[in-house]
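Visitor: heads up, no residue letters with this:
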């Protein structure tokens with residue numbers, strides 16, 4: 001006589017927050033913040049409320065969440081090392097100053113632009129200005145009261161902090177030699193400009209599962225292997241100059257090199273292909289875990 005074993009029924013698959021599968025319920029605090037109010041809406045509150053009423057007036061979900069879409073992170077109080085982490089310590093280690101990140105998006109900077117960046121550093125950031133490896137400029141010691149004035153000055157020379165941080169398309173990493181190098185396959189500047197025009201500060205693409213980094217260059221002089229989506233100049237034997245598509249790269253806590261898709265993309269189709277790849281990440285990317 002044999003003993004019958006109970007039939008195992010498959011358990012319910014855990015939701016990963018994939019929008020394309022109808023999994024829209026927020027699965028963590030970060031997703032809840034984005035669900036409660038579109039992050040891009042925070043600019044108006046900064047200009048009309050927080051800059052006038054000061055740091056203590058800032059709503060915590062804006063301060064520790066949506067401010068990032070405006071390129072703003074709170075600084076750590078001096079005297080606390082890296083062992084002071086976690087939500088239980090945040091009120092202690094959080095200073096009333098900001099790091100502000102400015103995008104360059106691979107654009108050349110004129111003397112007027114550099115002068116403006118220097119003046120902001122001197123007047124508002126205690127002479128700080130760091131240049132990151134993705135061509136961003138970062139200030140420290142920024143007061144919330146000064147943010148609208150800084151924005152006005154940056155935007156007068158074609159720069160912005162919008163979506164320099166947050167779960168959105170970050171600044172585009174481009175070649176400093178675009179349009180000038182004798183070795184570049186083509187100048188990708190028109191594609192970069194079109195992507196910025198269509199998709200930056202666009203609510204449809206401002207709520208991604210995580211930060212989203214792009215690189216576009218007519219030379220192999222950007223680290224395309226470490227970006228979520230990258231286009232590199234290539235000469236096709238039949239079609240001529242175009243772009244080679246790479247996807248899926250990144251560093252952070254789970255580093256991975258991008259994979260070559262193996263398709264040739266004409267320059268005028270780069271914005272559409274960028275959008276298609278971004279939609280896949282937005283709709284199928286996992287939102288439950290931040291790692």
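Guide: Nice, I can see it. Being a predicted model, the structure only gives us computed values, none of them experimental.

Visitor: distance between the ends of stretch 235-251?
Guide: 29 Å (Cα to Cα, to the nearest Å).

Visitor: how about residues contacting stretch 267-283?
Guide: Residues outside stretch 267-283 that contact it (Cβ atoms under 8 Å, 6 or more residues apart in numbering): 18-20, 169, 186, 188, 190-191, 194-195, 198-199, 205, 207-209, 212, 214, 216, 228-229, 231, 241-243, 245, 247, 265. Placement of C-beta: from N, CA and C, glycine included.

Visitor: recalculate using a threshold of 7 Å.
Guide: For stretch 267-283, contacts defined as Cβ atoms under 7 Å, 6 or more residues apart in numbering pick out 19-20, 169, 186, 188, 190-191, 194-195, 198-199, 205, 208-209, 212, 214, 216, 228-229, 231, 242-243, 245, 247, 265.

Visitor: narrow the residues you listed to those in strands?
Guide: Those of the contacts of stretch 267-283 mapping onto strands are 169, 212, 214, 216, 229, 231, 242, 243, 245, 247, 265, per DSSP state E.

Visitor: might one say that the fourth one is in contact with residue 171?
Guide: No: between residue 216 and residue 171 there is no contact under Cβ atoms under 7 Å: 11.3 Å.

Visitor: and the residue nearest to residue 146 when sequence neighbours are not counted, what's its pLDDT?
Guide: Leaving out its chain neighbours, the residue that sits closest to residue 146 by Cβ to Cβ, 6 or more residues apart in numbering is residue 124, at 4.8 Å. pLDDT for residue 124: 99.

Visitor: is residue 216 in a bridge, and if so with what?
Guide: Residues in a beta bridge with residue 216, per DSSP bridges, are residue 174, residue 231.

Visitor: pull out the buried members of the contacts of stretch 267-283.
Guide: 169, 186, 188, 191, 194-195, 199, 205, 208-209, 212, 214, 216, 228-229, 231, 242-243, 245, 247, 265 (16 or more other Cβ atoms under 10 Å).
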